[in-house]
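from the sequence below, what's the structure:
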Amino acid sequence: MNLMKHLKVAGTLLALGAGMLAASQASAQTITDIIKRGSVKIGVLIGAPPYGSVDSQGNAIGYDADVIALIGKYLGVKVEMVQLTPPARIPALEANKVDFLVATLAPTPERAKAVMFSIPYSAFQTGIYAKKSVAIKSWDDLKGKKVGVNRGSSVEREFTSREKELNLTILRFEDDATTMQALFSGQVEAIAGPDAQANAAMKARGETETELKFVFGMQPNSMTMRKDAYELRQWLNNFIYYVKQNGELNTISEKWVGGPLPALPTF
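Numbers count the residues shown, from 1 in each chain. Model (predicted):
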């Protein structure tokens, strides 16, 4: 009996140890932690081409994936990309499933209550898209319409803040790609979203009946880390500054967005 009891205790301790090890493998807070481990686990957005999607083999590709590859190059460690949908990004970081995020995430004050952001590494314009046959020139023209938006995205609040005033019926989708498909299929009459993703979806489909109605903002995107990862944030800020200066980030923008890197704000 004593032997069995000891074995059960040993098994429990081993399980706890394995769990702690698994957690630590994705919870590095410093560059020293990551280099010592020899690998970095980075969360990447999918479902938002050209910033994040998957190829025919299921591998993450896009603007963010190329930036992550550059991070691996300058860290000198193996990179593991964890594919995430928009609503899963910050929860994955908080649950220590990744070391940090390169996932097209806007550094909003609300999000900054829970996580910490680097200086922006990309940016796009946000606007309203609809069929050419629908007359929309301003927010007032959306009165009474059924609209679609990416759940958990930074532009979702543009509709929710006007929901009652404009009597909107808001349908929420898991990513930008399915939001655009809802517009193409007629499930919604208009959508709010970023220009790069909308242009990529229209180009892939050969869509000619959908157009940008008006622009309502610009969204810079930052890398995202846990709130106490100050050293990691400083290294990532240095990395972004460096690849902006040497042209590597511009090359990625030209490749995936089809234009030069815009003037990115800093903070």
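
can you list phi and psi of the closest residue to residue 139 other than its chain neighbours for me?
Spatially, and ignoring its direct neighbours in sequence, residue 139 is nearest to residue 162 (6.3 Å; CB to CB, 6 or more residues apart in numbering). Using the backbone N, CA and C atoms, a C-beta is placed for each residue, glycine as well. When read as degrees, to the nearest 10, the backbone of residue 162 gives phi -110, psi 10.

and the pLDDT for residue 162?
Residue 162 carries a pLDDT score of 97 in this model.

pop the domain breakdown of this structure in here.
Listed domain ranges for the chain are 31-124+219-257, 125-218 (source: the TED database).

and the shortest one, end to end?
The one in question is domain 125-218. Start-to-end span of domain 125-218 (CA to CA, to the nearest Å) is 4 Å.

ditto for the first one
In domain 31-124+219-257, first residue to last residue: 30 Å (CA to CA).

in the stretch 101-250 of the chain, which spans are strands?
116-131, 146-150, 169-173, 190-194, 210-225 (DSSP state E, counting those that start in this stretch).

tell me which of those sits nearest to residue 105.
Ranking the strands of the stretch 101-250 of the chain by proximity to residue 105 (CB to CB) places strand 210-225 first, at 5.1 Å.

just checking, what packs against the closest one?
The contact analysis (3 or more CB pairs under 8 Å, 6 or more residues apart in numbering; DSSP states H and E) places strand 210-225 against helix 89-94, strand 100-105, strand 116-131, strand 190-194, helix 195-205, helix 230-245.

mean neighbour count, those: which tops it?
Per residue and on average, the most neighbours among the helices and strands packed on strand 210-225 fall to strand 100-105, with a mean of 27 (mean count of other CB atoms under 10 Å).

any idea of the mean pLDDT for that strand?
On average, strand 100-105 scores 96.

quick one, what contacts the residue nearest to residue 155 when sequence neighbours are not counted?
Spatial nearest neighbour of residue 155, excluding adjacent residues (CB to CB, 6+ apart): residue 192 at 4.7 Å. Residues near residue 192 by CB atoms under 8 Å, 6 or more residues apart in numbering: 126, 127, 128, 129, 147, 148, 149, 155, 156, 158, 159, 216.

which residues sit in contact with the first one?
Residues touching residue 126, when contacts are defined by CB under 8 Å, 6+ apart, comprise 154, 155, 158, 192, 193, 194, 195, 215, 216, 217, 218, 219.

in a markdown table: those, plus pLDDT and distance to residue 101.
Shown next, in a markdown table, are the contacts of residue 126 (pLDDT from 0 to 100; distance: CB to CB, whole Å):
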| residue | pLDDT | distance to residue 101 |
| --- | --- | --- |
| 154 | 78 | 14 |
| 155 | 90 | 18 |
| 158 | 93 | 22 |
| 192 | 96 | 22 |
| 193 | 92 | 20 |
| 194 | 87 | 17 |
| 195 | 87 | 22 |
| 215 | 90 | 26 |
| 216 | 93 | 25 |
| 217 | 89 | 21 |
| 218 | 88 | 20 |
| 219 | 87 | 15 |
